[in-house]
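K.L.:
got a structure for you, letters missing:
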């Protein structure tokens with residue numbers, strides 16, 4: 001399976017990580033001696049399941065390395081636009097690709113084994129989108145003090161992961177739908193209407209389970225989605241704030257010392 005790495009974000013002066021990045025791409029922020037994205041590329045390099053890597057948002061002059069064939073393309077703006085663009089680029093050199101792995105560049109604690117688990121577990125079924133979530137218990141046991149944002153469902157509290165799988169036809173054959181999603185990104189009412197008010201109310205009142213929420217949203221948007229409870233907190237440990245940066249940096253430094 002080919003992988004897309006989204007690396008286009010540059011923190012603005014009013015955003016928490018600006019004090020560390022100072023106008024440079026977040027993906028290139030040094031953490032434990034490497035650019036943050038390099039840790040992600042190392043995990044993809046060691047994967048038994050990843051064949052090629054497409055980086056969206058950086059150029060090829062940053063001395064990044066990967067054991068898999070790697071190409072660069074400029075950012076297309078918003079996250080979703082970058083993902084859709086990345087899928088189309090994958091299909092240019094792998095026209096028969098059925099699914100792609102989508103990774104954020106700010107989850108440096110992931111490993112090759114986690115990447116392979118994500119891909120192998122997803123390929124056991126045939127869904128359009130595999131979205132990985134991490135329970136509060138798993139996240140706080142692994143990264144206490146990470147202060148993630150959780151969705152409170154009837155049966156579990158979860159935060160979203162940043163290593164997911166998407167069917168290529170889902171990204172290339174639903175232009176009208178994706179245009180609506182992109183157009184609604186700053187409109188809470190429009191977003192709620194897309195997923196369904198019954199789902200939103202069920203979440204707010206904690207009267208809907210994870211499986212029920214996925215089923216209802218899938219029916220609403222016409223996609224066959226699967227939410228996967230991921231056992232690896234690292235998949236959801238994205239670095240958004242300075243204290244999260246420090247938490248992950250210390251964790252990676254311990255990894256380096258332990259060999």
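P.N.:
In hand now; what should we look at? All figures in this text were calculated on a predicted structure; none of them were measured in a lab. Numbers count the residues shown, from 1 in each chain.
K.L.:
what's the offset of stretch 108-115 from the middle of its chain?
P.N.:
Taking the mean of its C-alpha atoms, stretch 108-115 sits 12 Å from the chain's own mean (C-alpha atoms, centre = their mean, to the nearest Å).
K.L.:
check stretch 229-239 too.
P.N.:
Taking C-alpha atoms, centre = their mean, one finds the center of stretch 229-239 at 10 Å from the center of the full chain.
K.L.:
how long is that stretch end to end?
P.N.:
Using C-alpha to C-alpha, to the nearest Å, the end-to-end distance of stretch 229-239 comes to 20 Å.
K.L.:
mind listing what's buried in it?
P.N.:
230, 232-239 (16 or more other C-beta atoms under 10 Å). Quick note: C-beta positions are derived from backbone N, CA and C, even for glycine.
K.L.:
may I ask which helix or strand of this structure has the lowest mean pLDDT?
P.N.:
helix 188-195 (a mean of 58; mean pLDDT, DSSP states H and E).
K.L.:
check which element follows that helix along the chain.
P.N.:
helix 197-204 (DSSP states H and E).
K.L.:
for that following helix, packing partners?
P.N.:
helix 210-221 (3 or more C-beta pairs under 8 Å, 6 or more residues apart in numbering; DSSP states H and E).
K.L.:
what comes up buried for the helix it packs on?
P.N.:
Per 16+ other C-beta under 10 Å, helix 210-221 contains these buried residues: 210, 213-214, 216-218, 221.
K.L.:
try stretch 85-96
P.N.:
Within stretch 85-96, the residues scored as buried using 16+ other C-beta under 10 Å are 85-87, 89-91.
K.L.:
for stretch 67-76, same thing?
P.N.:
Within stretch 67-76, the residues that count as buried by 16+ other C-beta under 10 Å are 70, 72-73, 75-76.
K.L.:
so what touches the helix or strand containing residue 159?
P.N.:
Under the criterion DSSP H and E, the helix or strand holding residue 159 is strand 157-160. With C-beta atoms under 8 Å, 6 or more residues apart in numbering as the test, strand 157-160 has contacts from 131-136, 139, 148-151, 210, 229, 236.
K.L.:
please apply the same query to stretch 60-70.
P.N.:
With C-beta under 8 Å, 6+ apart as the criterion, stretch 60-70 contacts 3, 28, 35, 37-38, 41, 44-46, 50-55, 58, 72.
K.L.:
do the same with stretch 239-248
P.N.:
Contacts of stretch 239-248 (C-beta under 8 Å, 6+ apart): 16-17, 19-20, 26, 29, 31, 36, 106-109, 143, 145-147, 237-238.
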